[in-house]
Structure formats: C-alpha cells, structure tokens
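Quick one: sequence and predicted model below, then my questions.
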Amino acid sequence: MNSLIKLELTRALRNRKFLFFSVIYPSVLFLLIAGSADATEKIDGTGLTLPTYMMVSMASFGALTAVLMGNSERIAKERESGWVRQLRLTTLPGRGYVLAKTASAAVVSLPSIVVVFAVAATVKDVRLDAWQWLALTGSIWAGSLVFAALGVALGYLAGGDAVRPITMITYFGLSILGGLWMPTTTFPGWLQDIARWVPTHAYAALGQAIEQSRAPHMTDIALLAVFFVLFTGGAAWLYRKDTLKA
Amino acid sequence: MTTTQATTAAAGDTARPAVAFDQVTKHYGDVRAVDGLSLTLHPGETVALLGPNGAGKSTTLDLLLGLRPADTGTVRVFGTSPREAIVAGRVGAMLQSGGLMDEVTVGELVRLACALHPRPHPVSDVLARAGVAQIADRKVDKLSGGQAQRVRFALATAGDSDLIVLDEPTTGMDVTTRQAFWATMREQAEQGRTVLFATHYLEEADAVADRVLVLHRGRLLADGTAAEIKAKAGARRVSFDLEGAVDEATLRDLPFLTSLTVSHAGPAAAPGHHTVRIQSSDADATVHALYGLGLYPRNLEVAGLGLEQAFVAITAAEEAKQK
C-alpha cells in the first residue's frame, strides 16, 4: 500500500493547479483579507486580532481544500475509468485505495497549513508560544481527516459529471458558513445559529481556542466527532455499495 | 477424492482445477447474465471464451475475478475463493473496463503493479515483455488505445501468476501489434500458465486456444477444441462435380449431411453437368458414403469452415431451438 501512497503523492505534487489552490491560494487569501487590517483591533468576543483569527481560518481552509477538492473528483473519475476495478485485481486490500488517497491528501494539507502560518508570522507579525504553533498544526491537521472522509464519500456518491458541482457547493458552503472567510460574528443572528452546527465552524474554533490559550469547547469536539463518524460511515456504506456493483 | 487427470501444472496442483464454476447464476434485474454455468479449467490450458455481445462473457470474468458475487452456485479459483487467489498473487487480469491511473508515467504504474504483487518480475522485464519499454516515460493519459492495452497487459503480467485472464485483449491494437501480443501470450502459456481470454476475434480463438468455450445467453453452448466446435456446427464443406442425372433425394440421405445445394451453373456447363455443395459434420463419412452410392465425383474438394461460420451456425441453431 505504501507504493500506492507514494505514487499518489508523486502525482499530487506534480499537479501544479492543485498545489496552487491548496498550498498557495489560502496564503494569498489570508493576505487579501488580513493585509490591510489593523493589528491591534480585536474581533468581537474573541480577544484575537484579525490576522491572528484569520490565520487559523485560512490554515483550516487550506487543509479543507487539500483533502476535499483533490479526492472527491479523482475518486469519481477513477471509479468511472475502471482504475478502481483494476486495483481490486491486486493484493491491495479493499480499503487500501481510500486510505492511500486520504494519506496522500493529508501529506499535501500539511504544507498548506504551515505556509499560512509562515506568511502570517512574517508578514503580519502574528506571535504565539511554541506550544501553540505545534498544537495548532496538530489540531488543524488531525481535524482535516473529518473532511477527507467527506471527500471520499462525495467521490463515491456522485458520478464524474456531477461530482464537481456537488463538491464545489459543499466546499464553498462549508467555507463560508463555517466562518473560514469571514468571522461568523459578522453574520446576522439567524445565520449564526446555523453556522454553529457546521463542522468547519467547530474545526476553526478548535484552532482559535488554542490561540486564546484555553481549552476548546466540548461541543466543538463532540460536533467534529459526530461528523467524522457520519462521513466515515457514509463513505464506507457508499464504498460497499459501489463494490457490489463492480 | 482422486483424479487421474494429467496436467502440466506444478506439483501439488495437478488434482486441482485452475477454475471451477459450479451451477453459477447471476441476474441483473430480470436479465439472466449467467445462467447455471458450470465449467472447469485445468492448469496449463489456453482457453478462449467466445460469444456474441451480451452472451455473458464479461460477467463470467467478473465472477471469476471476484468483482461481483454470484447469486447462486460457487466459483473457485485454485480451490479457494477468487479474492483469496488474487491476494495469493495467483491471478493476473486485464479487463476491458480496467482503467489506468492518469497523470503518472507508464513506468511508475508498472512499478506499482510489481510492488503490489507477492512474486513480482523485475520492472524492466515486465516493460520489455509488454512492449512498453520505449514509452516508459510517457504519461498514461497520453497513450493511444493500443498502447494503453499493452500497459494493461503489463499490469496483468507484473508477477508470477498462475492464471492470466484477459477480456478482449487485442481491442484497439493494429495487426502487427496483435500478432506480437499473441506471441507474448503463447510464451506465457508455454511457461505452464493457465490463460483464459474472452474475444470476439474468432480467428484468435482458432489460432491461439487449445480449448474454446462458446457462451450464449449466459450458458455454455459448446466446449471443445476449435476443430470440434467447427465439427459440431457441421463445419466441413464438401464440393464436387457430377456428370449425368442427379437424384437429389439420394444425396440428401448421405450421412452427417447438414446442407445441400445442387447447381447447373458453370461457364462451360454441359447438359447433365452439376456442381454439388455439401456441408457435413463428418466429411470423411459423407465422402465414403458418396462413393458407396456408385457415384464418381470429380474435382472433389473438402475444406474446413472458419470458426466464425461455425460459431454463427451454432448460435443460430440454438436460437432456432429456443423459438
């Protein structure tokens, strides 16, 4: 299986468009949003400056892009082309394909997190303790697994033509509603009530809790856990259904 | 259980069929794709699976490879389930619908196939044997149809498998490539591997296989050597000229005759000059009886029918029976 992970990675790193959108684009977006912001002004109710707040949002957004965009479309395409069938004629265990896809996405999502941090620290002077940097990297990276599972589920849910729009809607929906592009505190009240239940909101909230040097809310962790179980279960169910169809 | 069957396979496997289908059925909705199919492939055989589109060839291969579960009946490969046989590296397969991973090179893909096989061949050997060494650096998505087929073949032969399954392997290949492909395939068979291929290029079944299975509506219609299949369809053509009066009824009573035409045509046709064309399922016996009638056939010719005509005859007879 390692050989497949290696090859998936080689391919991902060779794909410039994908690398741009998952590694460079979040940092560019960070600079656009936080570039002109006053480094002393605090976001309502968080005690964090805009650059500090947006750094976590954009790192989460970058990780989301890396794990969601690459996999769902690839899986749908490779199911249609018959590559998935061909792999079933090898010693690779049934889940190996999905695990290799997830693992390679996770490797790409790490630089997309780190690059945002580096840009925020050097350009916008975001300063945190060493443990906070480490904890941020770890939690955003680990949390991206929730969305990697969603990407796999979407890849098995839709066919080659439908998967792109479905992924796009999901991706933008999660990004905007979860407050990755702008703080949810700027939303009207009814939208804030919805946003509270969106997994990307809980995902970014984990990082922001670390920045505030406090323990994350249990509801955020529970919400992410529930979505992880839902997405993984859905992916496993769809995968099995697809396998029986051959 | 003992068996006295002689096979060419490695010791320990002589008693065990390479593939055994026992009363296997597979439905898609109301359509019976495979209908009570029983068949046995012995180690070392090269077998062609022949049938028109929709005969159930691809479904049969899917069942054999464990890609679909059978509704009823059992499928065993080297005495185990298809999946177990694949995990043990005993089966290499090339599917018609087998896609390739794109955005990687041919060499990288073959290296992956070798890495996934428990008894891999050296990558360079696999590339060379499949005739893709020259295009090893090319991206998979930039290949022609024939090149992609050869890459699929490379994947199917990446390791030391005992059974090689090929679904219409020469689709998209030109004539030269096709000949080279079958030469490689014969090499595989000569090394004692069991080879099963589905094809609708009937001359390929005739030229390559030592055994031909004819599949029709998910059932086994015929099972034998290409020569036997032809014979089964009354597949030898006997033609000769006769002088003088010809009694068609007498000719029609000849043994093993399946069709008869008598014509008076011919550029220099003298009165009482006839040309007789007969199809016979046992030409030797038919000709013997012809002389027995006291006739003196001139310009006697006995020729085999191509497998294609034999195949058409068998399936047409089967369809007539069902109506």
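Nice, I can see it.

from here on, contacts and neighbour counts on C-alpha atoms
Noted.

Which strands or helices does the host helix or strand of A:Ala105 pack on?
Using DSSP states H and E, A:Ala105 maps to helix A:96-123. On a contact count with 3 or more CA pairs under 8 Å, 6 or more residues apart in numbering or on different chains; DSSP states H and E, helix A:96-123 meets helix A:2-14, helix A:25-34, helix A:50-81, helix A:130-157.

The third one vs helix A:130-157, what angle?
For helix A:50-81 against helix A:130-157, the angle by axes from the mean of the first three to the mean of the last three CA atoms, to 10 degrees is 30 degrees.

Is there proximity between helix A:50-81 and chain B?
Yes - applying CA under 8 Å from any CA of the partner chain, one finds helix A:50-81 in contact with chain B at A:Glu78, A:Ser81.

now for that helix, which elements pack on it?
The helices and strands touching helix A:50-81, judged by 3+ CA pairs under 8 Å, 6+ apart, are helix A:25-34, helix A:96-123, helix A:130-157, helix A:163-177, helix A:199-211.

What's the first helix or strand after the last one?
Scanning forward in sequence from helix A:199-211 by DSSP H and E, the next helix or strand is helix A:218-245.

Same check on the fourth one?
Beyond helix A:163-177 in the direction of the C-terminus, DSSP H and E gives the next helix or strand as helix A:189-195.

as a whole number, average confidence for that following helix?
For helix A:189-195, mean pLDDT rounds to 90.

Contacts made by that helix with the rest, please.
The set of residues external to helix A:189-195 that reach it, using CA atoms under 8 Å, 6 or more residues apart in numbering or on different chains, is A:Leu177, A:Gly178, A:Gly179, A:Thr184, A:Thr185, A:His201.

Show me what the host helix or strand of B:Gln147 is packed up against.
Following DSSP H and E, one finds B:Gln147 within helix B:145-156. Using 3+ CA pairs under 8 Å, 6+ apart as the contact test, the elements touching helix B:145-156 are strand B:91-94, helix B:106-116, helix B:123-129.

Give me the angle between the second one and helix B:145-156.
This means helix B:106-116. 20 degrees.

what's helix B:106-116 in contact with?
Contacts of helix B:106-116 (CA under 8 Å, 6+ apart): A:1, A:3-4, A:7, A:90-92, B:101, B:120-123, B:126-127, B:132-133, B:135-140, B:151, B:154-155, B:158-159.

what does stretch B:66-85 give?
In contact with stretch B:66-85 (CA under 8 Å, 6+ apart) are residues A:85, A:88, A:243-246, B:13, B:16-27, B:36, B:62-65, B:91.

Which of the three states applies to the residue of chain A most remote from its centre?
In chain A, A:Leu89 marks the outermost C-alpha relative to the chain mean, sitting 31.4 Å out by CA atoms, centre = their mean. For A:Leu89, the secondary structure call by DSSP: H, G, I helix; E, B strand; the rest coil comes out as coil.

Spit out the contact partners of the spatially most central residue of chain A.
In chain A, the centroid-proximal residue (CA atoms, centre = their mean) is A:Leu64; its distance is 1.7 Å. Going by CA under 8 Å, 6+ apart, A:Leu64 touches A:Ser109, A:Ser144, A:Phe147, A:Ala148, A:Tyr171.

Of all the helices and strands in chain A, which has the lowest average confidence?
helix A:16-19 (a mean of 84; mean pLDDT, DSSP states H and E).

For that one, which outside residues touch it?
Identification of contacts with helix A:16-19 by CA under 8 Å, 6+ apart yields A:Ala12, A:Leu13, A:Ala66, A:Gly70, A:Val108.

For those residues, pick the one with the most neighbours.
A:Ala66 (31 neighbours; other CA atoms under 10 Å in any protein chain shown).

which parts of chain A sit against chain B?
A:1, A:3-4, A:7, A:11, A:78, A:81-86, A:88-92, A:243-246.

Weed out the non-buried ones from the residues you listed.
In terms of neighbour count (16 or more other CA atoms under 10 Å in any protein chain shown), the buried residues within the residues of chain A next to chain B are A:1, A:3-4, A:7, A:11, A:78, A:81-86, A:88-92, A:243, A:246.

Am I right that B:Leu196 is in a strand?
Yes - B:Leu196 forms part of a strand when assessed by three-state DSSP.

pretty sure it contacts B:His42?
No - here B:Leu196 does not reach B:His42: they are 10.6 Å apart, not a contact under CA atoms under 8 Å.

Let me know the pLDDT of the residue nearest to the centre of chain A.
At A:Leu64, the model reports a pLDDT of 93.

do B:Ala6 as well
In this model, B:Ala6 is scored at 41, pLDDT.

got it, and B:Lys232?
pLDDT, B:Lys232: 68.

in chain A, what spans have low per-residue confidence?
A:38-39, A:246 (pLDDT under 70).

Counting neighbours, what do you get for the closest residue to chain A within chain B?
In chain B, no residue comes nearer to chain A than B:Gly99, which is 4.0 Å away by CA to the nearest CA. For B:Gly99, the count of nearby residues is 22 (other CA under 10 Å).

Check the secondary structure at it for me.
Classification of B:Gly99 by three-state DSSP places it in coil.

And the one 3 residues further on, by the same measure?
For B:Asp102, the assignment made with three-state DSSP gives coil.

these two touch, right, it and B:Leu143?
No - B:Asp102 is beyond contact range of B:Leu143, at 10.2 Å (criterion: CA under 8 Å).

Can you tell me the SS state at the most centrally placed residue in chain B?
The residue lying closest to the centre of chain B (CA atoms, centre = their mean) is B:Ala48, at 2.0 Å. Reducing the assignment at B:Ala48 to three states with three-state DSSP gives strand.

Which residues does it form beta bridges with?
Taking DSSP bridges as the rule, B:Ala48 bridges to B:Phe197, B:Val212.

quick one: it and A:Thr185, what's the gap?
B:Ala48 is 69 Å from A:Thr185, where distance means CA to CA, to the nearest Å.

From A:Ala195, how far out is A:Pro188?
A:Pro188 is 10 Å from A:Ala195, by CA to CA.

And for A:Val163?
The gap separating A:Val163 from A:Ala195 is 24 Å, by CA to CA.

same deal with A:Glu41?
Between A:Glu41 and A:Ala195 the computed distance is 24 Å (CA to CA).

which of those two has more neighbours?
Legend: neighbour count by other CA under 10 Å for A:Glu41 and A:Ala195, higher for A:Ala195 (21 against 12).

and the closest residue to A:Phe117 other than its chain neighbours, what does it touch?
In this structure, A:Phe117 finds its nearest non-sequential neighbour in A:Met55, 6.6 Å apart by CA to CA, 6 or more residues apart in numbering or on different chains. Counting by CA under 8 Å, 6+ apart, A:Met55 touches A:Phe30, A:Val116, A:Phe117, A:Ala120.
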